[in-house]
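> Just need the structure, nothing else, for what follows:
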Amino acid sequence: MVTLLKGTSSSWSSTNKASATILKARKELGTFRENLENMNLLSPTLASLSDEISNQKVNGGAPAREIFASGQLIMLTQRLARSASEFMTPDGINPEKAFLLGKDANTFYELVEGFINGSDMHKISATKDANIKEKLIELQKNFAEYNKNVNSILVKLDLFVDAKKAELQIF
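Below is the predicted model of the structure:
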């Protein structure tokens, strides 16, 4: 009987510690979910605007480098959406997707900024076409909101990983 009580006490202590970890992160976990939902809501807008910009670049006879970069924007919107949706797995947070999400968000930002202001790194000129520039500014505005959600998640990644580990320990 004493052995049984010691085993139960040990399990209880472990579960209690894991519960405390989750409860400590309760507010951030709610924000985490909201961030992912916001990213999923913004993804179609980013994709649509990127597609419009690319089409206008192609139809306007933009240089090949700019057409390629506009195609990258489209591809990145797809990868960002996929990384956000595959970020959480039943076993925890996928660190590869977290890394890719941050990397792709940075590249997307650099390309949009490059189209607006020019970029030596990406070898693209600042867009002069008023219609395309208007779409780029709209894309920049929407992406700023998206990126705010990405950064909010990535800056607290360790906290989310610990909470997921605690959840698995309880179950």
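> Show me the shaky parts of this structure.
Within the chain, the stretches with pLDDT under 70 are 1-14, 16, 18-25, 89-92, 161-168.
> one more time with 90
1-34, 36, 82-99, 152-171 (pLDDT under 90).
> what are the ranges of the strands in it?
For the chain, the strands defined by DSSP state E cover 88-89, 92-93.
> burial of A84, as a residue count?
Using other C-beta atoms under 10 Å, A84 has 25 neighbouring residues. Heads up, the C-betas are built off the backbone N, CA and C, glycines and all.
> quick one, what contacts the closest residue to it other than its chain neighbours?
Closest residue to A84 apart from its sequence neighbours, by C-beta to C-beta, 6 or more residues apart in numbering: M39 at 4.6 Å. By C-beta atoms under 8 Å, 6 or more residues apart in numbering, the contact set of M39 is 80-81, 84, 146, 149-150.
> Please report the distance of M39 from S83.
9 Å (C-beta to C-beta, to the nearest Å).
> Let's check: the centremost residue of this protein is which one?
In the chain, the centroid-proximal residue (C-alpha atoms, centre = their mean) is V150; its distance is 4.1 Å.
> hey, which helix is longest across the protein?
The longest helix of the chain (DSSP state H) is helix 26-59.
> Check which residues of it are buried.
For helix 26-59, burial by neighbour count (16 or more other C-beta atoms under 10 Å) applies to 28-29, 32, 35-36, 38-39, 42-43, 45-47, 49-50, 52-54, 56-57.
> Just checking the distance from that helix to the centre of its chain.
In this view, helix 26-59 has its centroid 9 Å away from the chain centroid, taken as C-alpha atoms, centre = their mean, to the nearest Å.
> just to revisit the earlier point, what's the burial count for the closest residue to the residue nearest to the centre of the chain other than its chain neighbours?
Spatial nearest neighbour of V150, excluding adjacent residues (C-beta to C-beta, 6+ apart): A105 at 4.8 Å. A total of 23 residues lie near A105 under the criterion other C-beta under 10 Å.
> Make 861 the starting number, not 1.
All right, first residue 861 from here; so that's A965.
> Go ahead and confirm A965 touches L940.
Yes - when contacts are counted by C-beta atoms under 8 Å, A965 is listed as touching L940 (6.6 Å).
> overlap in contacts of the two?
Y1006.
> give me every residue that touches S914.
By C-beta under 8 Å, 6+ apart, S914 lies in contact with 927, 930-931, 933-934.
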